[in-house]
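next comes the sequence, and after it the predicted model I'd like to discuss.
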Amino acid sequence: MKQTEMLAMILAGGRGSRLKALTSKIAKPAVSFGGRYRIIDFPLSNCANSGLDVVGILTQYEPVLLSSYVSQGRYWGLDTRDSGVYAIAPREKADAELDVYKGTADAITQNIDFIDTYNPEYLLVLSGDHIYKMNYAKMLDYHKEHKSEATIAVIGVPMKEASRFGIMNADENDKIYEFEEKPKHPKSNLASMGIYIFNWKTLRKTLLADEKNEKSSHDFGKDIIPALMDAGKNVYAYRFKGYWKDVGTIDSLWEANMDLLDHASELNLSDYTWRIYSEDPTDLPQYIGPDAEIDTAYITQGCIVDGKVINSVLFTNAQVAPGAVVKDTVLMPGAEVAEGAKVTRALVADGIKIGKGAKVGSANSAEILLVDQDVKGVE
């Protein structure tokens, strides 16, 4: 039997319905981000940089592209004899209406055999749809030092927003004594990040007991963590300080991309001390035309810019034609803005074409406009 100290399992099967058309044909973790990356690159790169060897990715909804992508373990240096990234499909096929996994904990329960193959001492459970950088090895050291059975990564959020999250209530030593799911009157601002380290043997027993409980929702926050605390197990909060964003909505996805324009932001994709790895594109360098105007932009290789770009992020192979104006906007891979068109405060989906002279979006809009269909130009 193989042996690894800590194995990672990434929960990557959610539908991501709040991202609307962006996830109509692909899983949320496979959505493009930051010019040339995908959301799944972040937890995978964190695993690689933290020294983990084996990562299981639990797919469910629209798994084809995601499974094909993560099977290229070489992107993250996880393709050696002793390491690997494994896309694991549910035993039963999910249909358009129903999920196979009943909850986050059930996703792990159904894959106990895979985990047992590596006989880990610790299990790291991650959400596959957040943008952040974290050293899981340091979190494991904290887990060991506190003789914890379960350690939950938490981040401080504004108290007025705490009711949107799973909140951990902890004592002065950060030992958790209560978990509240989206409380109306939160007692603290320590929000769960959906990142857990468990002692595998303890978790395994708890999962099997939970599986037999017909009243359980089979969820880590609602069922497993409370069960461990009820059993008197040590459960600790690991305070994370750094950039973290749940990109589950169009607005939050736009915001995270726009954070790349802020030099003071902790989301630095050029930091070679903690690289975010991805597929290596073979596109030509970006081309900035002689009459182009650029004022604060993040422009990726393959882009062609002949118009005006203001405070915007352009993904691989995006194009801005002469006379076009792109402001406060994210252009995803292959998006094209034709001559004289104006796009403001929008997120333009992969391959979408904005026609000649068209006007899209508004500077006064309360929400970010998702452009997921071609826009006809002025006749």
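Received, thanks.

just list what the longest helix seen in the chain packs against, helices and strands only.
Of all the segments of type helix in the chain, defined by DSSP state H, the longest one is helix 200-211. Applying 3 or more Cβ pairs under 8 Å, 6 or more residues apart in numbering; DSSP states H and E, one finds that helix 200-211 contacts helix 104-109, helix 112-118, strand 122-127, helix 225-230. (C-beta placed from N, C-alpha, C; glycine too.)

output that helix as PDB - backbone C-alpha positions only.
Extracted C-alpha coordinates of helix 200-211, given in PDB (Å, rounded to 0.1, in the frame of the first residue of the first chain):
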ATOM      1  CA  TRP A 200      -7.900  10.800   8.200                       C
ATOM      2  CA  LYS A 201      -8.700   7.900  10.600                       C
ATOM      3  CA  THR A 202     -11.000  10.200  12.700                       C
ATOM      4  CA  LEU A 203     -12.700  11.700   9.700                       C
ATOM      5  CA  ARG A 204     -13.100   8.200   8.000                       C
ATOM      6  CA  LYS A 205     -15.100   7.000  11.100                       C
ATOM      7  CA  THR A 206     -17.200  10.100  11.200                       C
ATOM      8  CA  LEU A 207     -18.000  10.000   7.500                       C
ATOM      9  CA  LEU A 208     -19.200   6.400   7.700                       C
ATOM     10  CA  ALA A 209     -21.400   7.200  10.700                       C
ATOM     11  CA  ASP A 210     -22.800  10.200   9.000                       C
ATOM     12  CA  GLU A 211     -23.600   8.100   5.900                       C
END
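
got a list of contacts for it?
The contact list for helix 200-211, computed with Cβ atoms under 8 Å, 6 or more residues apart in numbering, reads 7, 105-106, 108-109, 112, 115, 120-123, 149-150, 216, 218, 223-224, 227-228, 231, 233.

one more pass at 6 Å, please.
T109, P120, L123, E149, S216, D223, I224, A227 (Cβ atoms under 6 Å, 6 or more residues apart in numbering).

returning to what we had before: do you know which of the helices and strands packed on helix 200-211 lies nearest V157?
strand 122-127 (15.9 Å; Cβ to Cβ).

mind checking the pLDDT average for the following helix or strand past the closest one?
Note on strand 122-127: by DSSP states H and E, the next helix or strand toward the C-terminus is strand 130-132. Strand 130-132 comes out with an average pLDDT of 96.

show me what counts as buried in the following helix or strand past strand 130-132.
Next helix or strand after strand 130-132 toward the C-terminus (DSSP H and E): helix 136-145. If you call a residue buried by 16 or more other Cβ atoms under 10 Å, then helix 136-145 has these buried ones: Y136, M139, L140, Y142, H143.

how about stretch 62-74?
Residues of stretch 62-74 classed as buried: E62, P63, L66, S67, Y69, V70, G73 (neighbour count, 16+ other Cβ under 10 Å).
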